[in-house]
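Peer 1: Sequence and computational prediction follow.
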Amino acid sequence: MKIVVCIKQVPATSEAKIDPVTKRIIREGLKAIMNPFDTYAVEEGVQLRDKFGGEVVVLSMGPEKALLSLREAISVGADRAILLSDRAFGGSDTWATSYTLAKAIKKIGDVDLVICGKQAIDGDTAQIGPGIAAHLDWLQATYVMEIEEANTKSINVKRMHEDGYDICELDFPAVLTVVKDINTPRIPTLKGRLASQKIEIPVWGPLDIGADIEKIGLDGSPTRVVKTGAPPPRNTVTKIIKGSPNDCAKQLVRELRLRSIL
Amino acid sequence: MIISNNIDKSNYSNVWVVAELLSGKIQPVTHELIGAARSLADAKSSQVWVVVMGSNVEEKSDLLFAFGADKVIIVDDIRLSGFMDEIEAKMMLRLIDKYKPETVLYAGTTRGRALAPRVAVVANCGLTADCTELGIDPVNGDLLQTRPAFGGNIMATIRSSNHRPQMATVRPRVMKCPVPDLSRSGEIIRENIQDSDAIKIKRIIEIFHSDETAVNLGDAQIIISGGRGMKGPEGFKLLRKFAASLGSAVGASRAAVDAGWISYANQVGQTGQTVQTKIYISCGISGQIQHLVGMQSCDMIIAIDKNPDTPMMQLADIAVVGDLFEVIPEIMNEIPKL
Amino acid sequence: MQDHIKNKVYHVEILSPKQDSEKLEADLEVFGQKYNRVIESGYCVCITDNPMGYLAFQGTEIIEELGLTVYPEQVMIHLNTFHTKENLNNILDACKSIGIKYLLIISGDGSERLPKLQPSDIGAKGVESVTSVELLKYIKDEYPDTFTLGVAFNPYEPPEHEFDKLQRKFNAGASFIVTQPIIEKNNIVDELLEKYPDVHVIVEAWMSKRLYLLSDAVGYEIPEDTQFDPIETLKMLHKIYPACGVYLSILGFKTQYHLLKDIWV
């Protein structure tokens, strides 16, 4: 089974410090980590490869320091990695990013399965997985919580829904996005990490993947961010409710009605 | 097959809502989106259309008109039982090509978030996920889409100036549900799946419905969170009942997890999960900075505690001073099932 | 552990290299040097387990990779509940095979990246979550007569809860205690010593001048510009708690280490 796992390096927002004045997360100088959802994708790819043979290629679009996350993937069992990095890719929205990744997957060739994490914790869009599937015109299954069965031609997956779940069978080639229920990602061992440092990771640009210049980077992005800002400041006035328990409950419900919460 | 997006924007008008169906029933989020679509359409004197795709779709289109739709496109086909994203995407692309909507809104649910990107990619148009605000740019009429990023710590406003349609997903309970006007009526259009839509598809083997899906912290709209003040695992039993009555998830402070009263999967805070829900109800959590870091981006914070002076009670929008074990049952009596 | 206190053996904490280090070989070399220096001084090396939830390499992995010598009386390994069952057993087996005697069992800090032991993994019944208590019991049961197990004591948590937890830790098999950092006479620690006169207690000394970093641990905001002399404080701790061992965290190997030999006399 030839598997490509797409990963993204993201800022470690959970480790951020809070600015004591604004009470907001300080984003500068944040460490970069592999997107947590992607660790599940890597683990699933490695487990499938161990079961069915084949290879796991990890792919990422990002700056040079994303090489660290690619190495982390190798240190937990991926066979090789490719970094898509070029100034021309800068400013990509999800359309252009999924286009770029799709071209790279085509270039890798003969891929059976693409696995992505559900979403990235910085952008939170969950659009890349289905976007790649659409660019490639491949089948997709999102919110996959379990792989029931697989063979060289197809895969059966359990998809999570708000009202339960379903089991679908997809012929290869296909794209899966996975949720955290699917496995427990292994922690890199020191041996694995030291071995991964010796593996060479090629860096590809637009020419390497035959990308249409008009479809990558800022120019290829249908959406533009026009502004970013802090969320509206927290209301600093606290409404205090006290009295008998029954009083409190009634006052609370009244207050929630007033604020159109109920 | 890429539909070229060198389009004439003036050919595109009306705001569409793709109905969210679960088990063949149209979900409340659809009505919320119709409400949002109505405001956008009114700003441009255009119409709201709702697309309903499914099998044996319960025809509640009269309700859709009541909530503000002008037209309803119904695509009813046995091949759409279960969630068939590839077929729905191909159908949407043909509908978009035929009717040229200016804006398409999807529910930010597992289905909407799987379907919308497929459509947006092939239609070569912009898609913004999980919008909390939608507006119209007064100068050029573009859709302004505002959404949180970085765990809710920044708000980004996005637009698609040169591509149509403009697409966005919106999570349930973000937009207000409009008051239905049963005197409203509209037109039903029936469209059909073409065989070519259903050539390359997956096969759904089994479907399981569960009435009680555990709400996980990441997707929850409401979180009821307990701390040391819950005094023990019994306290969390009460919180679970409370949470069940509101359809909410249960969270916990580190102190409660360290004491073994609840699983680490429920922990909110610096060494647990960061959440940004609509409503965070804190019960007996003092509010150490490591906990606050994990939840202070929530829209509304309600704190219940005996002590009125804790950091959490001071941070809260509403602070209820009282004995948790007496106040919570009373609240459960007062709040009608949502 | 008694000998450590009698013989004035410092417990010196060394952090293992973080997994995201961009200069891992260099970090490993520094670790090895610190390790050997502590051993040569006759002190006890204490190696952490993913502190603050940051992914770091395991002490046992590093010892094996670098071929460091383990003197059972001079090495203590931290072990927390944020592991898979398989991982946990691998670490315990490795500890056993390389001769590690002292383990400090703590609940630990989690993070997105770290797995967590489930009660069913270690046969713990009637609990929602695995804490150091359950982990202690598991180790005592699965590896009898193999390790000497210590636990943490936090004088900054509500005392009733903390003493209650401590008693459960003793019941589960703990035989020594390491406190959170103490910077002055602490009446909860005094109470601890009174309640448990026969237990080996090691107080943690904060060796960094940046006292405000302790704000998280103590639960209240310490101003950033607070003046703090770690060496003087250490001397004072020896005077106030002469019957206790001392655990040194954030020790400056370049600036402070050479002073140690003249302090605990």
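Peer 2: Looks like it came in fine. Note that the structure is predicted; figures quoted are calculated from it, not measured.
Peer 1: Please tell me how far the longest helix anywhere in chain C is from the chain's geometric centre.
Peer 2: If you go by DSSP state H, chain C has its longest helix at helix C:24-40. Averaging C-alpha positions (CA atoms, centre = their mean, to the nearest Å) puts helix C:24-40 18 Å from its chain's average.
Peer 1: Just the CA atoms from that helix would do, formatted as CSV, please.
Peer 2: Extracted C-alpha coordinates of helix C:24-40, given in CSV (Å, rounded to 0.1, in the frame of the first residue of the first chain):
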residue,chain,number,x,y,z
LEU,C,24,20.1,17.0,19.8
GLU,C,25,23.7,15.6,19.7
ALA,C,26,25.0,18.7,21.6
ASP,C,27,22.2,18.5,24.2
LEU,C,28,23.0,14.8,24.7
GLU,C,29,26.6,15.5,25.2
VAL,C,30,25.8,18.2,27.8
PHE,C,31,23.5,15.8,29.5
GLY,C,32,26.2,13.2,29.7
GLN,C,33,28.7,15.7,31.2
LYS,C,34,26.2,16.8,33.8
TYR,C,35,25.3,13.2,34.7
ASN,C,36,28.9,12.2,35.1
ARG,C,37,29.7,15.3,37.2
VAL,C,38,26.9,14.6,39.6
ILE,C,39,28.0,11.0,39.9
GLU,C,40,31.6,11.9,40.5
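Peer 1: right, is whichever strand or helix holds residue B:302 up against chain A?
Peer 2: Using DSSP states H and E, the element containing residue B:302 is strand B:300-305. Yes. Counting by CB under 8 Å from any CB of the partner chain, chain A has neighbours in strand B:300-305: B:300, B:302. Placement of C-beta: from N, CA and C, glycine included.
Peer 1: Following element in sequence after the longest helix of chain C, please.
Peer 2: As assigned by DSSP H and E, the chain's next helix or strand after helix C:24-40 is strand C:44-47.
Peer 1: who touches that next one?
Peer 2: Contact partners of strand C:44-47, identified using CB atoms under 8 Å, 6 or more residues apart in numbering or on different chains, comprise C:4, C:9-14, C:16, C:34-35, C:38-39, C:59, C:62, C:73-78, C:102, C:104, C:247.
Peer 1: pLDDT of that strand, averaged?
Peer 2: Here strand C:44-47 scores 98 as its mean pLDDT.
Peer 1: Next, the angle from the helix or strand where residue A:251 lies to strand B:300-305.
Peer 2: Here residue A:251, judged by DSSP H and E, is contained in helix A:245-258. Between helix A:245-258 and strand B:300-305, the angle comes out at 170 degrees (axes from the mean of the first three to the mean of the last three CA atoms, to 10 degrees).
Peer 1: which secondary structure elements does the strand holding residue B:302 contact?
Peer 2: strand B:279-283, helix B:311-315, strand B:318-321, helix B:324-334 (3 or more CB pairs under 8 Å, 6 or more residues apart in numbering or on different chains; DSSP states H and E).
Peer 1: Go through the helix or strand bottoming out on mean pLDDT in chain C and flag the buried ones.
Peer 2: Confidence across the helices and strands of chain C bottoms out at helix C:215-218, with a mean of 77, counting by mean pLDDT, DSSP states H and E. Of all the residues in helix C:215-218, those buried under the rule 16 or more other CB atoms under 10 Å in any protein chain shown are residue C:218.
Peer 1: Following element in sequence after it, please.
Peer 2: Next in line after helix C:215-218, if elements are assigned by DSSP H and E, sits helix C:230-240.
Peer 1: List the contacts of that following helix.
Peer 2: C:182-185, C:203, C:205-209, C:246, C:248, C:256, C:259, C:263-264.
Peer 1: Make a ChimeraX selection of the buried ones in the residues you listed.
Peer 2: The buried residues among these can be selected in ChimeraX (16+ other CB under 10 Å) with this line:
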select /C:182,183,203,205,206,207,208,209,246,248,256,264
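Peer 1: Pick the one among the contacts of helix C:230-240 closest to chain B.
Peer 2: residue C:206 (18.4 Å; CB to the nearest CB).
Peer 1: tell me the pLDDT at the residue lying closest to that closest one once chain neighbours are set aside?
Peer 2: Distances taken as CB to CB, 6 or more residues apart in numbering or on different chains put residue C:181 closest to residue C:206, at 4.0 Å, once the chain neighbours are dropped. pLDDT recorded at residue C:181 is 95.
Peer 1: if I look at residue C:181, how far off is residue C:95?
Peer 2: 26 Å (CB to CB, to the nearest Å).
Peer 1: out of the two, which sits in the busier spot?
Peer 2: residue C:95 (25 against 22; other CB atoms under 10 Å in any protein chain shown).
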